[in-house]
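output the structure for:
(2 chains)
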Protein chains: 2
Amino acid sequence: MNSAPSIQKLLDELERLPGVGPKSAQRICYYLLNTEATQAIRLADAIHEVKEQVRFCETCFNYAESEQCDICASPVRSHAQICVVSEPKDIAPIERTGVFSGVYHVLHGVLSPLDGIGPDELKIAELLRRLSSDVPEEVIIATDPNVEGEATAAYLARLIRPLGVKVTRPASGLPVGGDLEYADEVTLGRAMEGRLEI
Amino acid sequence: MNSAPSIQKLLDELERLPGVGPKSAQRICYYLLNTEATQAIRLADAIHEVKEQVRFCETCFNYAESEQCDICASPVRSHAQICVVSEPKDIAPIERTGVFSGVYHVLHGVLSPLDGIGPDELKIAELLRRLSSDVPEEVIIATDPNVEGEATAAYLARLIRPLGVKVTRPASGLPVGGDLEYADEVTLGRAMEGRLEI
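Take a look at the predicted model:
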């Protein structure tokens, strides 16, 4: 029993968040109760703002606040390389590497026949339209290295290669700082196959 | 680099929450982006509501939405037993046990001379005033069983006992379902001292 219904309501809403169980919901709730009103309201306002202002970029389907996302609109990004990812959240980790200066295309999913997700459910037609109007040099298909991700990459490669565009995929191999002893066979096999001269 | 400033703002606010690091902030942020607008807005509204409506109960200093919290105002709660806790968040776990039907008093801290927290920083004067106007049969001091909690309990007991009120403290002992082998010496010692006939 909570002595204030509004507290119970906040707890219920917090528990819906991913990775937030009853204990963390309570911790966050008491934090919000004890913190300055301005700070708690800043969080509430940030949620409002995101839901009001964020839509999808008309070019790449990343999150954006206007017709084009900041990456597509940026004059310093090369449109000769398009990196295809399955979700908008995959863009941030690639951006953090600092090695990619091209643009993105977000599929919003991967092929998964068992879940009823075929090519029409993904932004594949939009990708092909984009490729036909402004042919890039290279399309990097950075879907996850799992069954659906690999299948989606293979499917896209078959569609894109005939357009005369180089299609690549990020290397599989040993994680940097990892331990050879603990690498799984498939990863180590890929690392051996993809070995580079030093 | 995030393609939408409002997303970065929400991420910053989420990272301020206790137990929410950059990874969980991102997970929650993308969840809020992908979920229906109504659900995200419900969370924002719940935060607003809590900050607008929640204040402290004038009797026990628990969170409340009116002059008195639901527990103090409830006709089924006995005012003959007052359970003293250090923070409002300590009330929920005691309520969940279902064995206590009295009322509470929240100190809003524990004595901690090193942090400059003396009796005047806690709701101790308010507790004594409460005891003098409506003498209960028993005061249960349920501060945490650590150094500060024990010291605070001892201090309060010295003040309250002269009023002719029984002062108790929840038993220390082995956790139910726990393992004797793994109990620390102090806890096991307390459990042995507090042994009950069966």
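
helix, strand or coil for the residue nearest to A:Gly194 when sequence neighbours are not counted?
Leaving out its chain neighbours, the residue that sits closest to A:Gly194 by CB to CB, 6 or more residues apart in numbering or on different chains is A:Ala171, at 5.3 Å. Glycine gets a C-beta too; all of them are placed from N, C-alpha and C. Three-state call for A:Ala171 (DSSP: H, G, I helix; E, B strand; the rest coil): coil.

hmm, A:Arg195 and A:Ala171 touching each other?
No. With contact defined as CB atoms under 8 Å, A:Ala171 does not reach A:Arg195; the gap is 10.3 Å.

quick one: A:Glu137 and A:Lys166 touch, right?
Yes. Here A:Glu137 reaches A:Lys166: they are 6.3 Å apart, a contact under CB under 8 Å.

on contacts alone, who are the packing partners of the longest helix belonging to chain A?
The residue-count maximum for a helix in chain A (DSSP state H) belongs to helix A:37-53. Where contact means 3 or more CB pairs under 8 Å, 6 or more residues apart in numbering or on different chains; DSSP states H and E, helix A:37-53 is packed against helix B:5-15, helix B:22-34, helix B:37-53.

give me the buried positions along the shortest one.
Applying a neighbour-count criterion of 16 or more other CB atoms under 10 Å in any protein chain shown, one finds B:6-7, B:9-11, B:13-15 buried in helix B:5-15.

is that helix anywhere near chain A?
Yes. On the criterion CB under 8 Å from any CB of the partner chain, helix B:5-15 is in touch with chain A at B:5-7, B:9-10, B:12-14.

next: the second one.
Yes. For helix B:22-34, a contact with chain A is found by CB under 8 Å from any CB, at B:24, B:26-33.

got a list of what A:Val103 touches?
Taking CB atoms under 8 Å, 6 or more residues apart in numbering or on different chains, we find A:Val103 in contact with A:59-60, A:71-72, A:77-79, A:81-83.

which of those residues sits closest to chain B?
Within those, the smallest distance to chain B is 5.4 Å, found for A:Ile71 (CB to the nearest CB).

which strand or helix spans that closest one?
helix A:70-73 (DSSP states H and E).

let's have the buried residues of helix B:5-15 in a markdown table, adding pLDDT.
Shown next, in a markdown table, are those (pLDDT from 0 to 100):
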| residue | pLDDT |
| --- | --- |
| B:Ser6 | 92 |
| B:Ile7 | 92 |
| B:Lys9 | 93 |
| B:Leu10 | 95 |
| B:Leu11 | 94 |
| B:Glu13 | 95 |
| B:Leu14 | 96 |
| B:Glu15 | 95 |
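
looking at chain A, which helix or strand is least sure?
Lowest by mean pLDDT, DSSP states H and E among the helices and strands of chain A is helix A:185-193, with a mean of 81.

per-domain residue ranges of chain A.
A:5-53, A:76-168 (automatic domain parsing).

B:Tyr155: which of those domains is closest?
In terms of CB to CB, the element of the domains of chain A nearest to B:Tyr155 is domain A:5-53, at 23.9 Å.
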